[in-house]
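*Asks:* return a 3D structure for these sequence lines:
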Amino acid sequence: MNDLVKLWRDTGSLAARPQGNGGGYGKLADVIGGIEARIANKGEITLDELAAELAQTHGIAVHRATVWRTLRNLGLTHKKRPSAA
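*Replies:* Residues are numbered from 1 along each chain as shown. Next up is the predicted model:
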């Protein structure tokens, strides 16, 4: 049976269903405020150091890529200085 036919029978519409998990459900969702405060206190910290600190203080084992995605979603970049105009 065609997927569109199934969608029509199940929902009565051909509108696309939402994709993904909706966001905000990652391992770091509960400690985002703490991460922001940590970055504000000590701006120069590596992703590996931050991941190790999260494991030690909160018991959350995450890869540095997960830490980076969280920082990127907070609007932080890896550049130390703004680019020239």
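
*Asks:* can you classify residue 15 by secondary structure?
*Replies:* Of the three states, residue 15 takes coil according to DSSP: H, G, I helix; E, B strand; the rest coil.

*Asks:* so it versus residue 48, what's the distance?
*Replies:* As defined by C-beta to C-beta, to the nearest Å, residue 15 lies at a distance of 43 Å from residue 48. (Glycine included, C-beta is placed from N, CA and C.)

*Asks:* of those two, give the one with the bigger neighbour count.
*Replies:* Using other C-beta atoms under 10 Å, the more surrounded residue of residue 15 and residue 48 is residue 48, with 11 against 8.

*Asks:* give me the low-pLDDT residue ranges for this structure?
*Replies:* Residues of the chain meeting the criterion pLDDT under 70: 21-25, 78-85.

*Asks:* if I pick residue 1, what's in contact with it?
*Replies:* Contacts for residue 1 were tallied using C-beta atoms under 8 Å, 6 or more residues apart in numbering; there are none.

*Asks:* ranges for the helices of the chain?
*Replies:* Using DSSP state H, the helices of the chain run over residues 3-11, 32-41, 47-58, 64-73.

*Asks:* count the residues that sit near residue 70.
*Replies:* Counted with other C-beta under 10 Å, the neighbours of residue 70 add up to 22.

*Asks:* make sure it is actually in contact with residue 27.
*Replies:* No. Contact between residue 70 and residue 27 fails when scored by C-beta atoms under 8 Å: they sit 9.1 Å apart.

*Asks:* check contacts around the residue most central in space within the chain.
*Replies:* Among the residues of the chain, residue 70 comes closest to the average C-alpha position under C-alpha atoms, centre = their mean, at 3.8 Å. For residue 70, the residues meeting the contact criterion (C-beta under 8 Å, 6+ apart) are 26, 28, 32, 35.
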